[in-house]
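Asks: one predicted model, sequence on top.
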Amino acid sequence: MTLIADRLREQLRRGAFGVHVLAVLTGLMGIINVLSAATPSVAWRLRLLRQYAPLAVRHGGHLATALAGFALLVLAGSLWRRKRVAWVLTVAILVLSALSHLLKGLDYEEALFSLGLALWLVVLRRYFHARSDRPSVRQGLLALAAAMLFTLAYGIVGLYLLDRHFSINFSLAAAARQTMAMFVELEDPGLHPVTRFGRYFAGSIYAVGALTMAYALLMLLRPVLIREPATAADRARAAAIVEAHGRSALARFTLLGDKAFHFSSGGSVVAYVVKNRIALTLGDPIGPPGDAESTIAGFRSLCSRNDWQPAFYQTLSDYLEQYRGLGLDTLCIGNEAVVALEEFTLEGGANRSVRAGVNRMTKMGYRAELHEPPLPEALLEELADVSDEWLARIKGAEKRFSLGYFDEEYLQSGPVMVVRSPEGSVTAFANIVSEYQLDGITIDLMRQRSGVERGTMEFLFAALFGWAREQGHATFSLGLSALAGVGQAPDDPAAERALRFIYEHIDQFYNFRGLHAFKDKFHPDWQPRYLVHPGPASLPAVAVALVRADSGNAFVWDYVKAVVGERFGHRRRLSE
């Protein structure tokens, strides 16, 4: 109850209640406008209006009401998101809507409702602070002007050249008047086609106008886009913070080239990408622990200003209360496998199968080698061959965001462990990544040739564990086991129980269980990892953002093919 009360107070402080009510009422006003434009006016009001308003004005009032209604329906969603451009457009359209209601039939009830909403919007002006993308706004304004001119020119030239398809021979002046009349007089614009093509062309004028106007509106309401990568200075600043405060297996990946950075005044950094309206961060903020809450709040404010929704992927459990206290929801998405190196041993019955495989490969002449940077060019060429063969076999593509990808500069940034066959060729490799201040180590790329000896990956990991322990590291992360251990308790949230259902029934598409079983061979400590998000309604958009971030902006179908291919590749590897 305390958490709910805190969230309610936070919503009231941010003006969310009033903003959301206004957005709903604006949508309702849009529906009223559309219905009002399509229904006849009250007879006595219409008789009174006919004494003072010309026919064209009354017909224009109907059309203006309909267009205003459509625009308000579109703008309502952007008002909910606190868009500043939407606020400006909505105030203007509500005033226009009030005028159009009076002109079409003295509908003073709807006019007063429109003016009341406009006044309320003015009162709550300070809460509409979300920016649009400035280049897109400029493009939208230019498109709006161009749309009006193009539609006018399209209608004028078409009517002038195609007048044989109509009952009137149009001069250029008459064609101009007729085109403008089509957007003013809704009931009878005076255009009478005499052929099928004439009817088609008349309809195309409206279609061209609607499409170009819709494009302009889309550009005006677009969220802020990140058009340029982080600067070299930002990357250097982020790297210094990560090296000083990084404490997770994801810390190194926050410095990859796809990330933008948000810095707090307290010395923390948030690494993120933006996909559609989702600002997707990798892990928790990195920095002094006492600065976490203010950093999260600052990043959420940045998202609010830029019309983004924040989401934090694979967070630890350290700051869950801070996230929840700031109005965000948390969802357990799996467990990370962390091996305690001092406790791991190949002796005893627990690791008998791993020990047997390692001993067998050693007797066959396989060996593991650790290579520190700089890596020789010949070795990089061998690793590239292994990587290319692995990618071709699984019919997959390089991932991004929470994983690295084969790149010589990236591989040169840390040690690489390789497995060599008795003939001396590289059959498998993994690059080693630091967890910085956590005194742990992890790997990123883990690739092997086709037809490798069964037990190659166990052999590789046993060598990695031994080397890491000799270097004085305390833990070795095997990475996230997605969905494993999620939603098992009866009182777990419904979303986590849904993930559990996926884990149990989607194995034919992705080998979640096989990957979990492989990692479980090494008896790790399973530590929960979370997705922090704005609320249940945002989850579909967050899921799509994750797919896009992970696939490097490839189409969803390409990603699905890669996942299916990787699933078969993993199954083949784990069975070998």
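Replies: That came through fine. Bear in mind that the values here come from a model prediction, so they are computed numbers and not experimental data.

Asks: could you use CA atoms for every contact and neighbour count after this?
Replies: Will do.

Asks: how's this structure carved up into domains?
Replies: Domain segmentation of the chain under automatic domain parsing yields 1-131, 136-222, 232-331, 336-528+557-575.

Asks: for P534, which of those domains is the nearest?
Replies: When those are compared by Cα to Cα, domain 232-331 sits nearest P534, at 4.9 Å.

Asks: what's around Y405, how many residues?
Replies: Y405: 16 surrounding residues under other Cα atoms under 10 Å.

Asks: list the contacts for the residue lying closest to it once chain neighbours are set aside?
Replies: Ranked by Cα to Cα, 6 or more residues apart in numbering and with sequence neighbours excluded, the top spatial neighbour of Y405 is E398, at 5.7 Å. Residues near E398 by Cα atoms under 8 Å, 6 or more residues apart in numbering: L391, Y405, F406, S551.

Asks: checking E398 next. Helix, strand or coil?
Replies: The three-state label given to E398 by DSSP: H, G, I helix; E, B strand; the rest coil is coil.

Asks: quick one: T26 from R131, how far?
Replies: In this view, T26 and R131 are 20 Å apart by Cα to Cα, to the nearest Å.

Asks: over to L162?
Replies: To R131, L162 is 45 Å away according to Cα to Cα.

Asks: if you count what's nearby, which of the two comes out ahead?
Replies: Taking other Cα under 10 Å, L162 and R131 do not tie; R131 has more neighbours (22 against 15).

Asks: per-residue pLDDT of the closest residue to the more buried one other than its chain neighbours, please?
Replies: Leaving aside its sequence neighbours, R131 sits nearest to N306 (Cα to Cα, 6+ apart; 5.0 Å). pLDDT for N306: 89.

Asks: mind listing the strands for the stretch 351-500 of the chain?
Replies: Using DSSP state E, counting those that start in this stretch, the strands of the stretch 351-500 of the chain run over 367-371, 416-420, 426-434, 440-448, 475-482.

Asks: so which of those gets nearest M148?
Replies: Checking the strands of the stretch 351-500 of the chain against M148 by Cα to Cα gives strand 475-482 as the closest, at 51.7 Å.

Asks: next, the angle strand 440-448 makes with the longest strand along the chain.
Replies: Assignment by DSSP state E gives strand 329-340 as the longest strand of the chain. Here the directions of strand 329-340 and strand 440-448 differ by 90 degrees (axes from the mean of the first three to the mean of the last three Cα atoms, to 10 degrees).

Asks: which helices and strands does strand 329-340 pack with?
Replies: helix 320-325, strand 475-482, helix 494-505, strand 525-533 (3 or more Cα pairs under 8 Å, 6 or more residues apart in numbering; DSSP states H and E).

Asks: kindly recompute the last result at 10 Å.
Replies: Judged by 3 or more Cα pairs under 10 Å, 6 or more residues apart in numbering; DSSP states H and E, strand 329-340 is in contact with strand 309-315, helix 320-325, strand 440-448, helix 456-470, strand 475-482, helix 494-505, helix 512-520, strand 525-533.

Asks: any stretches of the stretch 301-450 of the chain with poor pLDDT?
Replies: Scanning the stretch 301-450 of the chain for pLDDT under 70 picks out no residues.

Asks: make it 90
Replies: For the stretch 301-450 of the chain, the stretches flagged by pLDDT under 90 are 304-307, 343-357, 391-400, 402-405, 437-440, 450.

Asks: now the strands of the stretch 351-500 of the chain as CSV including mean neighbour count and distance to E243?
Replies: As requested, those are exported to CSV (neighbours: other Cα atoms under 10 Å; distance: least, Cα to Cα, whole Å):
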stretch, mean neighbour count, distance to E243
strand 367-371, 17, 22
strand 416-420, 22, 20
strand 426-434, 23, 9
strand 440-448, 22, 13
strand 475-482, 22, 18
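
Asks: of all those, which lies closest to F263?
Replies: That would be strand 426-434 among the strands of the stretch 351-500 of the chain, by Cα to Cα, at 22.1 Å.

Asks: and that closest one, what does it pack against?
Replies: Against strand 426-434 (3+ Cα pairs under 10 Å, 6+ apart) you get strand 367-371, helix 377-394, helix 408-411, strand 416-420, strand 440-448, helix 456-470.

Asks: at 7 Å instead, please
Replies: Taking 3 or more Cα pairs under 7 Å, 6 or more residues apart in numbering; DSSP states H and E as contact, the helices and strands that strand 426-434 lies on are strand 416-420, strand 440-448.

Asks: thinking again about what came up before, tabulate the helices and strands packed on strand 329-340 (JSON lines), appending distance to L115.
Replies: Putting these into JSON lines (distance: least, Cα to Cα, whole Å) gives the following:
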{"stretch": "strand 309-315", "distance to L115": "31"}
{"stretch": "helix 320-325", "distance to L115": "37"}
{"stretch": "strand 440-448", "distance to L115": "59"}
{"stretch": "helix 456-470", "distance to L115": "70"}
{"stretch": "strand 475-482", "distance to L115": "52"}
{"stretch": "helix 494-505", "distance to L115": "42"}
{"stretch": "helix 512-520", "distance to L115": "57"}
{"stretch": "strand 525-533", "distance to L115": "36"}
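
Asks: any idea which of the ones you listed gets closest to G287?
Replies: strand 309-315 (14.0 Å).

Asks: quick one: strands adjacent to that closest one?
Replies: strand 278-282 (parallel), strand 525-533 (antiparallel) (DSSP bridges).

Asks: closest one to L302 among those?
Replies: Closest approach to L302 among these is made by strand 278-282 (9.8 Å; Cα to Cα).

Asks: check which helices and strands the helix or strand that comes right after the closest one sits against.
Replies: Using DSSP states H and E, the helix or strand that follows strand 278-282 towards the C-terminus is helix 292-305. In terms of contacts (3+ Cα pairs under 7 Å, 6+ apart), helix 292-305 is packed against strand 309-315.

Asks: ok, the residue nearest to R131 - how many residues close by?
Replies: 23.

Asks: over to K363?
Replies: Neighbour count of K363, defined by other Cα under 10 Å: 10.

Asks: likewise the one 3 residues further on?
Replies: Other residues lying near Y366 total 22 when counted by other Cα under 10 Å.

Asks: likewise for Y410?
Replies: Y410: 12 neighbours (other Cα under 10 Å).

Asks: ok, it to D318 distance?
Replies: For Y410, the distance to D318 - Cα to Cα - is 29 Å.

Asks: same question for L161.
Replies: Note on L161: its distance to D318, by Cα to Cα, is 72 Å.

Asks: who has more neighbours, these two?
Replies: Counted by other Cα under 10 Å, L161 and D318 do not tie: L161 has more neighbours, with 14 against 11.

Asks: would you mind finding the longest helix in this structure?
Replies: Ranked by residue count and defined by DSSP state H, the top helix of the chain is helix 134-161.

Asks: packing partners of that helix?
Replies: Partner elements for helix 134-161 (3+ Cα pairs under 7 Å, 6+ apart): helix 172-182, helix 196-220.

Asks: against which helices or strands is the first one packed?
Replies: Identification of packing neighbours for helix 172-182 by 3+ Cα pairs under 7 Å, 6+ apart yields helix 134-161.

Asks: and the helix it packs on, how far out from the chain's middle?
Replies: 32 Å (Cα atoms, centre = their mean, to the nearest Å).
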